[in-house]
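S.K.: Coordinates for the following, if possible.
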Amino acid sequence: MIIRLFDILFGFLLFLVFLPFMIIIALFIKIGDLRSPVFVEKNLRVGQSGRLFHMYKFRTMYPGAHEMMFFDNELIEKKRKGNGKISMREDPRITVIGRFLRKIDLDELPQFINVIKGDMSLVGPRAYLPEEIDEYRKEYKVFDKRIDKVLKIKPGITGLWQISGRNLLSPEKRVQYDYEYLKKRSLLFNVLILLKTPCVVLTRYGAKD
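M.R.: As a prediction, the model looks like this:
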């Protein structure tokens, strides 16, 4: 209960602080392509107890980018060679402004709306895509063993996984950090993770190149 109260109060405060920046970002995205949405469409994530929710995120890719992963052989090969990831420099789906936003995680700012709504927490496990969970369950034994317990709590904007390596982590390592967070979870631990997050973001530790 105290973590939820902290999320509401601090999440709303951060939303107000970043609101002017979000309005400017939205305008730039719209100017870049008037016909396309500002936010990512159909961005379903797996939340607490496996419940699906729409995660708000600024659009950083061209329309139809997600579908390209299923029929573009070049992208599929890049993902295979990158251990399930594609570096930002090699991903042709990302827009010019999208590359800038991703460098310092500005595309994630709308997730404060999810925190206020109760879909997410400021700190928690990674907000996994449904297809990620299906894929990783089959491929990684540790992931399959841990993920059900991890999903008992809300995913977070940041978390132990983010300050410990982010995209440098394999799916198995990432879910192990999520599981470790689950055991250590407290208001004080959340505050410590929040304090470390800006440094990780600004130094781009573990970010995609």
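S.K.: For this protein, which segments are assigned as strands?
M.R.: 44-46, 52-54, 121-123, 156-158 (DSSP state E).
S.K.: Need the contact partners of the last one.
M.R.: With contacts defined as CB atoms under 8 Å, 6 or more residues apart in numbering, strand 156-158 is touched by 108, 111-112, 114-115, 120-127, 193-194, 197. To be clear about C-beta, it is placed using only N, CA and C from the backbone, and glycine gets the same treatment.
S.K.: Report the residue spans of the chain with pLDDT below the cut-off.
M.R.: Per-residue confidence for the chain (pLDDT under 70) gives these ranges: 64-90, 205-209.
S.K.: hmm, back to that, can you put the strands of the chain in JSON lines and add distance to Pro63 and mean neighbour count?
M.R.: As requested, those are exported to JSON lines (distance: least, CB to CB, whole Å; neighbours: other CB atoms under 10 Å):
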{"stretch": "strand 44-46", "distance to Pro63": "17", "mean neighbour count": "19"}
{"stretch": "strand 52-54", "distance to Pro63": "17", "mean neighbour count": "16"}
{"stretch": "strand 121-123", "distance to Pro63": "30", "mean neighbour count": "25"}
{"stretch": "strand 156-158", "distance to Pro63": "25", "mean neighbour count": "25"}
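S.K.: Turn those into TSV, including distance to Ser164.
M.R.: Shown next, in TSV, are these (distance: least, CB to CB, whole Å):
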stretch	distance to Ser164
strand 44-46	20
strand 52-54	25
strand 121-123	13
strand 156-158	11
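S.K.: so which of these comes closest to Lys30?
M.R.: strand 52-54 (19.7 Å; CB to CB).
S.K.: Which other helices and strands does that closest one contact?
M.R.: Packing partners of strand 52-54 (3 or more CB pairs under 8 Å, 6 or more residues apart in numbering; DSSP states H and E): strand 44-46.
S.K.: Sheet partners, orientation included, of the strand it packs on?
M.R.: Its sheet considered, strand 44-46 pairs with strand 52-54 (antiparallel) by DSSP bridges.
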